[in-house]
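Undergrad: fold the following for me, if possible:
(chains A and B)
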Amino acid sequence: MFASTSTLLDQEGARAAIIAVVSTLVFFGGAIALVVTSPNWPRVRDQFFNPDDFAAAAPNVVRGFWLNLELFGWSMLVIPFLALVVAVMRSLRGPAFLPIRLLAVAFTDIFRGIPLILLVLLLGFGVPALQIGFLPNGAQFWGLAALSLSYSAYTAEIYRSGIDAVPESQRSSARAVGLTQWQALRFAVLPQAIRNVVPALMNTVVSLQKDVALVSILGIREAVREAQIYTTRTFNYTSYLVAAALFLAISIPLTRFVDWYTARDRAQRSQSLV
Amino acid sequence: MIGIRTPTRLIAILLAVGLLAAACGSDSTESASGSSGSCDEVVTKVDGTLTVATGETVFPPWMGAGDDDFDDPSTGTGFEGALVFALASELGFAAADVTFVRTPFDTVIAPGAKDWDFNIQQYSITAERDEVVDFSNGYYQVEQAIIGASDSPAASAGSIGDLKDLRLGAAIGTTSLTYVDDVIEPDAPAQVYDDNAAAKAAFDAGQVDAIVFDLPTAYFVTAVEITDASIIGVLPRTESPEELGMLFEDGSALVPCVNDALATLQSNGTIAALEDEWLNQGGSVPTLGN
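TA: Numbers count the residues shown, from 1 in each chain, chains lettered A, B, ... in the order given. Below is the predicted model:
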């Protein structure tokens, strides 16, 4: 990755690059200088960016982060399928299927309409308090349920927009060739629909990975909660930095992967049009 | 112009070096001056008024403990409420000169000047916290109690060892949580709730076997909030039990004055009397072994 300096500087446009870098340094350097010369900066730095506290908070916050990843993993197993079911339910044609379509509409309206934090509280504390015998009452289970239901509603709408974006001619030609409604859906419409919306789906995945932190209000000691515990105990905010770094460590590669995949998909499509 | 490509590698390297150098630049650490010393005169933020900050909701038995006083610190009911007015009169303020403001937790510990004289909210004094803010001397030594339902596995616990395999809960930022994490050390880490209300909800949902509160809060909670739980026992004290103190901004000159007033109230028995009135609910509660 590191070529020799002379090769780098001999490249075309090296002069332009150096000007760009200098101007960036002046701009950001000026902003940083403004911050570090402000009177309270040493105090703020000790309370927000303290390396000793970073090291002290890290073990617990990292341990909590495994819980985030575990919940993220489980929800990623549930959401794509639940959402697909709801989206398909909503796209069924024919008067006999009206109650199913209404059910799907109610599902998406309710679980998109209620803020996720409220849903977590209602399901996490409310449902177990009813003491219905066969339902589990664990906080993690219901936190996961709230996340899955909410995100399934959003994802179902994304699938539905993908399905609607598939030209009607695809469905009618599939029917004309002799496929049933289900077969047309399964072989002609859905593959194209899902391919349409993969970028939007991946954006939802990136968002979900962070919203997992909301289950902390149920008492679950995931990364953000562990960071909060450290802060209330020591009056130092650096633990939040640890949690932020961990989330970035996952979400930045994820977004780069989404970018790469989208670009590759676009390249493949433009090739296939030739 | 299609010809010139800005070499991104060169830009990335130079930017990284440059910004790192800038960010690591300032290295001076000022430590705030300690506020030891004697009390020359009582200087408050607002002349002639003692501005006392407390939590956004206050709970009995600490404040607002009368029948119609919920969440009203200015009535002077509750242990901390009464203590504030006793301190005010020692410092030379009439009851009418005491103003209360409410603060969320995070603004209290954030760096910078505050617009209140001191904050009283069952803050426990620890060395780590003392680096960021200033504390008065302790006004109450905290004992922890564990509450649970009478049919829960915790009900038969006789020592801390019996508690290790239970699902325990505590509220965030409390001495109780520190006690659970450091002294009890349960096998499964304790569940941590935002406040008493969430702890109660978890209890009703059967997500915890027992919850740890400080003893006065435990009395209140079992009497009023979680009535189908009772105090299973008082937890044994550690060698250096935590004390509650009033919180001041770093370097406040009011600290020695308040400490003097506190010492007076302690020596003339006022604090003991307030404890008896508001915090000791009577009844015999067993103490758990180690």
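Undergrad: quickly find the element holding B:L50.
TA: Following DSSP states H and E, one finds B:L50 within strand B:50-54.
Undergrad: hmm, that strand touching chain A?
TA: No: Strand B:50-54 stays clear of chain A (Cβ under 8 Å from any Cβ of the partner chain), getting no nearer than 15.3 Å. The way it works is simple: take the backbone N, C-alpha and C, and place the C-beta from them, glycine included.
Undergrad: what strands line up against that strand, and which way round?
TA: Strand B:50-54 has its sheet partners listed here by DSSP bridges as strand B:98-102 (parallel), strand B:118-124 (parallel).
Undergrad: how about low-confidence regions in the chain?
TA: In the absence of a named chain, chain A is used. A:1-12, A:272-274 (pLDDT under 70).
Undergrad: oops, wrong one, chain B.
TA: Chain B contains residues with pLDDT under 70 at B:1-36, B:281-284.
Undergrad: center of it - which residue?
TA: Nearest to the geometric centre of chain B sits B:Y123, at 2.8 Å (Cα atoms, centre = their mean).
Undergrad: give me the beta-bridge partners of that residue?
TA: B:G245.
Undergrad: spell out which parts of the stretch 151-274 of chain A neighbour chain B.
TA: A:217-221, A:225, A:228-229, A:231-236.
Undergrad: okay, those in JSON lines with neighbour count, distance to A:N68 and secondary structure next?
TA: Conversion of those to JSON lines gives the following (neighbours: other Cβ atoms under 10 Å in any protein chain shown; distance: Cβ to Cβ, whole Å; DSSP: H, G, I helix; E, B strand; the rest coil):
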{"residue": "A:I217", "neighbour count": "20", "distance to A:N68": "14", "secondary structure": "helix"}
{"residue": "A:L218", "neighbour count": "28", "distance to A:N68": "13", "secondary structure": "helix"}
{"residue": "A:G219", "neighbour count": "29", "distance to A:N68": "15", "secondary structure": "coil"}
{"residue": "A:I220", "neighbour count": "26", "distance to A:N68": "9", "secondary structure": "coil"}
{"residue": "A:R221", "neighbour count": "20", "distance to A:N68": "10", "secondary structure": "coil"}
{"residue": "A:R225", "neighbour count": "27", "distance to A:N68": "10", "secondary structure": "helix"}
{"residue": "A:Q228", "neighbour count": "23", "distance to A:N68": "14", "secondary structure": "helix"}
{"residue": "A:I229", "neighbour count": "25", "distance to A:N68": "15", "secondary structure": "helix"}
{"residue": "A:T231", "neighbour count": "22", "distance to A:N68": "18", "secondary structure": "helix"}
{"residue": "A:T232", "neighbour count": "21", "distance to A:N68": "20", "secondary structure": "helix"}
{"residue": "A:R233", "neighbour count": "21", "distance to A:N68": "21", "secondary structure": "helix"}
{"residue": "A:T234", "neighbour count": "22", "distance to A:N68": "22", "secondary structure": "helix"}
{"residue": "A:F235", "neighbour count": "24", "distance to A:N68": "25", "secondary structure": "coil"}
{"residue": "A:N236", "neighbour count": "24", "distance to A:N68": "22", "secondary structure": "coil"}
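Undergrad: and A:L122, how many neighbours?
TA: 13 (other Cβ atoms under 10 Å in any protein chain shown).
Undergrad: from chain B, how far off is it?
TA: 11 Å (Cβ to the nearest Cβ, to the nearest Å).
Undergrad: quick check, that residue in a helix?
TA: Yes: applying DSSP: H, G, I helix; E, B strand; the rest coil, one finds A:L122 inside a helix.
Undergrad: quick one: contacts for it?
TA: A:114, A:146 (Cβ atoms under 8 Å, 6 or more residues apart in numbering or on different chains).
Undergrad: picking that back up, and the residues of the stretch 151-274 of chain A next to chain B as a markdown table, adding distance to A:I18?
TA: Below are those laid out as a markdown table (distance: Cβ to Cβ, whole Å):
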| residue | distance to A:I18 |
| --- | --- |
| A:I217 | 50 |
| A:L218 | 53 |
| A:G219 | 54 |
| A:I220 | 50 |
| A:R221 | 49 |
| A:R225 | 46 |
| A:Q228 | 45 |
| A:I229 | 47 |
| A:T231 | 42 |
| A:T232 | 48 |
| A:R233 | 48 |
| A:T234 | 44 |
| A:F235 | 45 |
| A:N236 | 40 |
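Undergrad: before we move on, back to that, ok, the residue nearest to the centre of chain B touching B:M246?
TA: Yes: judged on Cβ atoms under 8 Å, B:Y123 makes contact with B:M246 at a distance of 7.4 Å.
Undergrad: which one of the strands paired with strand B:50-54 is the most hemmed in?
TA: strand B:118-124 (a mean of 23; mean count of other Cβ atoms under 10 Å in any protein chain shown).
Undergrad: show me what contacts B:D72?
TA: Here B:D72 is in contact with B:63-64 (Cβ under 8 Å, 6+ apart).
Undergrad: list phi and psi for it.
TA: Per-residue torsions, B:D72: phi -120, psi 90 (degrees, to the nearest 10).
Undergrad: residue boundaries of the helices in the chain?
TA: Unless you meant another one, I'm taking chain A. A:5-10, A:14-36, A:41-48, A:51-91, A:98-113, A:116-121, A:127-129, A:139-165, A:168-177, A:181-183, A:190-211, A:223-234, A:238-273 (DSSP state H).
Undergrad: oops, I was thinking of chain B
TA: Going by DSSP H, chain B shows helices at B:8-23, B:79-91, B:105-109, B:127-130, B:160-163, B:175-179, B:196-204, B:215-220, B:255-267, B:270-274.
Undergrad: can those helices go into CSV with extra columns for distance to chain A and mean neighbour count?
TA: Putting the helices of chain B into CSV (distance: least, Cβ to the nearest Cβ, whole Å; neighbours: other Cβ atoms under 10 Å in any protein chain shown) gives the following:
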stretch, distance to chain A, mean neighbour count
helix B:8-23, 4, 14
helix B:79-91, 19, 22
helix B:105-109, 4, 16
helix B:127-130, 4, 13
helix B:160-163, 17, 18
helix B:175-179, 7, 24
helix B:196-204, 4, 21
helix B:215-220, 16, 23
helix B:255-267, 17, 18
helix B:270-274, 26, 16
